[in-house]
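# What follows is a predicted protein model with its sequence.
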Amino acid sequence: MTIARAPQQERSRLTRERLLSSCIDVLARDGWAAATVAAVAENAGVSRGAAQHHFPTREALITAALEQMFDELTTSASARPGGLPAPGPDRIRAVVERAVAIYTGTEFKAALQVWAAAASDPTLRELILPMEEKFARAAHRMTVLALDPTGEDERVHRLAQVTLDLARGLGLADTLSDDSARRALVVATWSDQLVEVLGDR
């Protein structure tokens, strides 16, 4: 029996993951109102019945997708600053680019849709605030550690927050149109400012 169940359990797990990934895609692409169980199932190539087996209601689907989305954002933001150049201007530019990448990805576009909906939905706001705060703390820690590995410069905490606020604004602009050209100019300008302030750090 165990042998027979294993493939079915694996298929069930994969179907659930496809539905959650599809929900995040639909949120990012089509918005909050469009993220119904039926639309997510169609986008995932899964029957509506199979989708409702995993997520009987839209609320169950959205809640699970939000948990996965913020877990992925937090994991990405928590990654230790490996693969960065040695301390100096190139490292600082790489840190800014990494922060902006977090806020211009699919998960953040989906998160924006959820935040907009939560502004008028107290229950949803209560659900996502702890997740968002955990993500924000992870992003700040990662940026501080990458800019100042030794923790010697008190200014870095404030500069890291400004960097993340800038990245969030660029992520918002990117949802309305292809903002890549202007974004590159803003990233380069802020990176130059950080290099001037932090020197070879």
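Looks like it arrived, so ask away.

# roughly how far is the longest helix along the chain from the heart of the chain?
Longest helix in the chain by number of residues, with DSSP state H as the criterion: helix 2-30. Offset of helix 2-30 from its chain centre (Cα atoms, centre = their mean, to the nearest Å): 20 Å.

# Check which helices and strands the helix or strand following that helix sits against.
Moving toward the C-terminus from helix 2-30, the next helix or strand (DSSP states H and E) is helix 37-44. Using 3 or more Cβ pairs under 8 Å, 6 or more residues apart in numbering; DSSP states H and E, the elements in contact with helix 37-44 are helix 2-30, helix 48-54, helix 58-78. For glycine as for every other residue, the C-beta is placed from the backbone atoms N, C-alpha and C.

# circling back to that earlier point, which parts of the longest helix of the chain are buried?
Neighbour counts over helix 2-30 (16 or more other Cβ atoms under 10 Å) mark 15-16, 18-28 as buried.

# Look up the closest residue to Asp143, ignoring the ones flanking it.
That one is not Asp; residue 143 is Thr. Excluding its sequence neighbours, the residue lying closest to Thr143 (Cβ to Cβ, 6 or more residues apart in numbering) is Ala160, at 3.9 Å.

# average pLDDT across the helix or strand containing that neighbour?
Following DSSP H and E, one finds Ala160 within helix 155-174. In this model, helix 155-174 has a mean pLDDT of 93.

# Show me what the helix or strand that comes right after it is packed against.
Using DSSP H and E, the helix or strand that follows helix 155-174 towards the C-terminus is helix 180-198. Judged by 3+ Cβ pairs under 8 Å, 6+ apart, the packing partners of helix 180-198 are helix 89-103, helix 155-174.

# show me where pLDDT drops low in this structure?
1-6, 79-81, 200-201 (pLDDT under 70).

# Is the closest residue to Ala94 other than its chain neighbours in a helix, a strand, or coil?
Of all residues not flanking Ala94 in the chain, Leu84 sits nearest, at 5.1 Å (Cβ to Cβ, 6+ apart). The three-state label given to Leu84 by DSSP: H, G, I helix; E, B strand; the rest coil is coil.

# just to revisit the earlier point, can you say which of the helices and strands packed on helix 180-198 is nearest to Ala110?
Each of those has some distance to Ala110 by Cβ to Cβ; the shortest is helix 155-174, at 11.4 Å.

# Show the contacting residues for His132.
Let me fix one detail, which is that residue 132 is Glu and not His. By Cβ atoms under 8 Å, 6 or more residues apart in numbering, Glu132 lies in contact with Phe70, Ala111, Trp115.
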